[in-house]
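K.L.:
give me a 3D structure for the following:
(one chain, ligands or ions: 1)
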Amino acid sequence: MPKCIACGEDVTVYDMGATKKLINRGAEEYLCIPCLAKKFKVEESLIYQKIEEWREQGCMLFP
Ligand SMILES: [Zn+2]
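P.N.:
Reported below is the predicted structural model:
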């Protein structure tokens, strides 16, 4: 698995999907959700909520 480029933690498929949605569809470097939350100055829970929405829309990035 790839690692978060900010903190070095392993990233999950959800972290990768969220990075692609929030930063760049073609991203090949990923941020974990806590680091994404910091970057965008939002609560982590907001990102998890967005992931749920994307999943419900049938987004292929979130199995
Ligand atoms: Zn991180």
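
K.L.:
for stretch 38-50, which outside residues touch it?
P.N.:
Applying Cβ atoms under 8 Å, 6 or more residues apart in numbering, the contact partners of stretch 38-50 are 6, 18, 21-22, 31, 33-34, 36-37. C-beta coordinates here come from the backbone N, C-alpha and C atoms, glycine included.

K.L.:
rerun at 7 Å
P.N.:
18, 22, 31, 33-34, 36-37 (Cβ atoms under 7 Å, 6 or more residues apart in numbering).

K.L.:
just the buried ones from the residues you listed?
P.N.:
The neighbour count (16 or more other Cβ atoms under 10 Å) marks 18, 22, 31, 33, 36-37 as buried among the contacts of stretch 38-50.

K.L.:
identify the farthest-apart pair in the contacts of stretch 38-50.
P.N.:
Largest separation among the contacts of stretch 38-50 by Cβ to Cβ: Leu22 and Pro34, giving 13.3 Å.

K.L.:
can you pull the contacts of Ala27?
P.N.:
Contact analysis of Ala27 by Cβ under 7 Å, 6+ apart lists 19-20.
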